[in-house]
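Participant: Quick check, what structure comes out for this input:
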Amino acid sequence: MGFFAKLLNRPGTEVTRRMDRHRAQLPVIEKLGEEIAGLGDEELTAAAGEVFTGYDGREAIYRFAALAREAGERTLGERAYDTQVLGLIGLLEGHVVEMATGEGKTLIGAMAAAGYALQGRTVHVLSVNDYLADRDHDWMRPLLQLLGVESGSVTSALDREARQAAYAKEIVYGAVTEIGFDVLRDRFITEDEEQRIGARDVVIVDEADSILIDEARVPLVLAGSTEVEEADAAIAALVESMHEGEHYEVSEDRRAVSLTPAGTDLVESRLEVELYGEDAQTLAAVNLALYAKALVTKDVDYLVVDGEVKLISESRGRVANLQRWPDGLQAAVEAKERLATSVSGEILDQITVEELIMGYSTICGMTGTAVAVGDDLREFYELEIARIEPHLPVQRVDEPDRLYTLQSSKEKAIIEEVVEQHRSGRPILIGTRSVAESESLAEKLAARGIEPQVLNAKDDSREAEIIARAGQRGAVTVSTQMAGRGTDIRLGGEDVVEAGGLLVIGAGRYPSSRLDDQLRGRAGRQGDPGTSVFFTSLEDDLMTRVPEAQRFVTEGDEHGRIDNRRAAALVEHAQRIAEGENTAVHRDTWRFTQLMAKQRELVLQRRAGIRAGEDGITEVREGLGADRVKEIEETIGEDGANVLDETIRQTLLFQLDSRWVEHLAFLNDLREGIHLRTLARERPHEAFNTESIAAFNSFWPDVLDASVEALREAEFTSEGVDLPTLGMKRPSSTWTYLTTESAFGSDIETIVKKIRG
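Facilitator: So this is what the prediction gives:
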């Protein structure tokens, strides 16, 4: 195939062609709208209900778009722009729609949800948190009602009955975590009436790149009461006394840490163990404590609030509610901070965000930044991007980065820029990488007589208010990550426009260009003027990934600024390295979770068969033997066969759930140590698959054997068996939380290399 043929057939080209054809039909949609404008409300509702049965293909979509536009204008006072109509069509065709900040994605999401619902589909609209899900539902409900579809929202505050009522609606708004937790909870129901969520049909994902890519690897966990996971205080104290360079080394990319020979000697002499012998448990505890000390930073990765460790979401810059680290790292950080160890619980089941999303029949979404992860969306979800140009041309000026030698030089330059720009009354938004940096800049600004509004993980309760006022004259706002804030920054008046609009200052590049673009996109909303500029230093975490950047440390002027094209190019290079690493980790996690997901699906199919009374009962009866079955049925008396079958059903459900918990623990332990197989020249993923398949082969026979064994000597009454007295007692309490992907992941390969050395 020649070059131009390849160019014409590159991924995404056909989507672009289709969107161009739809764009050419916008006058047709406008003309349909003129006809629809004469309908009464009831007539409009009736027309919407018939649009996908009375018309086919594009004609139905165009007519629905006209109906939805009219409904939006009547109920919300918002008439969709042509660009929003194109975005609506992109969603209805199953794409990820990229539209700039402030272009009205919430409206097109609601319209698309109604469009799918009117085709007889059930729709989940996923947001990044409860607040946005509830807000968007309340805001869009009048539109949905006029189009004749019922909707509800699910938040963490709802009980089971309220959730069931919400899920019964045609459209459900909810945070991705809450929907995921309900999927997990439903895996352990024993009766149909306990089920919360039905089949996952259509999902419309808001902030699609954040959820589908940044948080794809995040496991949602359902846990049950068990022992507290303790960290060894002696190990924590020993590691706390160690010094980098002498007792341990940190990799150049600051992702892995390992003991030096001197550190190994210190541990072995103090603890009287042989670390690289058979004491793998102590080695793991030391590595966790090292990771907590060297690579997990207070006010960057976590906060300590009311005696508890609270994780900070890297992609959102705020407290990650209900989230904790896995693999003992949570306990190690708590030991480092001298806090009481929190209860972790036995993991009953878990599901990654990616696996949750892939469980839907149709996936689509919307975001302001998708093109940069187009390859990832295609690889992991088979999704294409429909890029929609802004309603008005972007007037924002994106200035070149300003690079400095030291963090202190960078902060000083930011302060001077803010002081200078503040004199004109121009509103300024400063985006920072961490809580610590946001507070440092806020303190320095206060010392210069400027009192900024600070929005970070320590206090995001006034989030909407702070962001909404950030475009007022003289406003200075310091914020950690802007992704998913869900509130536009509107300019305060003509004087603000004349001053140049909002100035966005990035206090360092993020590991992803998309996060940079999300920050930039806060300026220049809907044709407003604005400016963005990023200040970076060679000491930023991103730049320490590129050792060659340190060659330019002597090239700073008297203010520490580096004016060198090659040095500036390294900033982009460092970001590409970080993005490549994130994709590699995503791919690595995906490989491990694929087989686990297939095994989980087989278990769920078997569980559904047990609940329906179709699986296992005959096998258990045969295992008990005809004589034992006859004895039991005679003991029970009238209706003995049915009581016995129900007892077998409940026993099978318990044994299957218990066996899955054991298998899941085995898979998690196997994955944690699987990279050590490279010592034996094995490929980790192949070794993982081989062992997990071997362990799973006996899953169903084990469930049957355990059920037969439990009932063979059980004492039956007319009501069956008291299962808890036989040890078949379900957790007295369960709870949900998010964890992070493995703290070590493929970084264990670094440790392996050192062991080999």
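
Participant: Can you pull out the low-pLDDT segments for the stretch 551-700 of the chain?
Facilitator: Residues of the stretch 551-700 of the chain meeting the criterion pLDDT under 70: 672-682.

Participant: try the chain
Facilitator: For the chain (pLDDT under 70), the answer is 1-12, 225-232, 252-255, 276-280, 313-327, 343-345, 457-461, 481-487, 672-682, 732-757.

Participant: How far off centre is whichever strand or helix holds residue 28?
Facilitator: Using DSSP states H and E, residue 28 maps to helix 26-36. Centre-to-centre, helix 26-36 and its host chain are 39 Å apart (C-alpha atoms, centre = their mean, to the nearest Å).

Participant: Now whichever strand or helix holds residue 292: buried residues?
Facilitator: Here residue 292, judged by DSSP H and E, is contained in helix 280-294. For helix 280-294, the neighbour count (16 or more other C-beta atoms under 10 Å) marks 282, 283, 285, 286, 287, 288, 289, 290, 291, 292, 293, 294 as buried. For glycine as for every other residue, the C-beta is placed from the backbone atoms N, C-alpha and C.

Participant: Put together TSV for the residues you listed, with distance to residue 348 on each row.
Facilitator: Shown next, in TSV, are those (distance: C-beta to C-beta, whole Å):
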residue	distance to residue 348
282	28
283	28
285	25
286	29
287	27
288	23
289	28
290	30
291	26
292	26
293	31
294	33
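
Participant: what's the closest of the residues you listed to residue 382?
Facilitator: residue 291 (35.2 Å; C-beta to C-beta).

Participant: wait, the closest one sits on residue 332?
Facilitator: Yes. Between residue 291 and residue 332 there is a contact under C-beta atoms under 8 Å: 7.0 Å.

Participant: mind giving me the domain split of the protein?
Facilitator: When the chain is parsed with automatic domain parsing, its domains come out as 11-221+354-387, 233-344, 395-563, 582-726.

Participant: Residue 569 is nearest to which of the ones you listed?
Facilitator: domain 395-563 (10.2 Å).

Participant: now residue 641: how far from residue 648?
Facilitator: Going from residue 641 to residue 648 by C-beta to C-beta, to the nearest Å gives 11 Å.

Participant: These two - which one has more neighbours?
Facilitator: Between residue 641 and residue 648, counted using other C-beta atoms under 10 Å, the more crowded position is residue 648 (28 against 12).

Participant: and that one, what is it in contact with?
Facilitator: 616, 617, 620, 621, 707, 711 (C-beta atoms under 8 Å, 6 or more residues apart in numbering).

Participant: Strands of the stretch 551-700 of the chain, start to end?
Facilitator: In the stretch 551-700 of the chain, the strands defined using DSSP state E, counting those that start in this stretch lie at 561-562.

Participant: can you check the stretch 1-150 of the chain too?
Facilitator: 96-98, 123-127.

Participant: Next, format those strands as CSV and append mean neighbour count.
Facilitator: Formatted as CSV, these follow (neighbours: other C-beta atoms under 10 Å):
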stretch, mean neighbour count
strand 96-98, 27
strand 123-127, 26
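
Participant: looking at those strands, which is closest to residue 372?
Facilitator: Comparing those by C-beta to C-beta, strand 96-98 comes nearest, at 9.6 Å.

Participant: about what we covered before: who are the packing partners of the helix holding residue 292?
Facilitator: Under the contact criterion of 3 or more C-beta pairs under 8 Å, 6 or more residues apart in numbering; DSSP states H and E, helix 280-294 touches helix 233-240, strand 248-250, strand 257-259, helix 329-336.

Participant: List the contacts of the first one.
Facilitator: Put plainly, it is helix 233-240. Contacts of helix 233-240 with the rest of the structure, by C-beta under 8 Å, 6+ apart, involve 266-267, 270-271, 282, 285-286, 289-290, 292-293, 332, 335-336.

Participant: Kindly indicate which of the residues you listed lies nearest residue 525.
Facilitator: For the contacts of helix 233-240, the nearest to residue 525 is residue 292 (41.2 Å; C-beta to C-beta).
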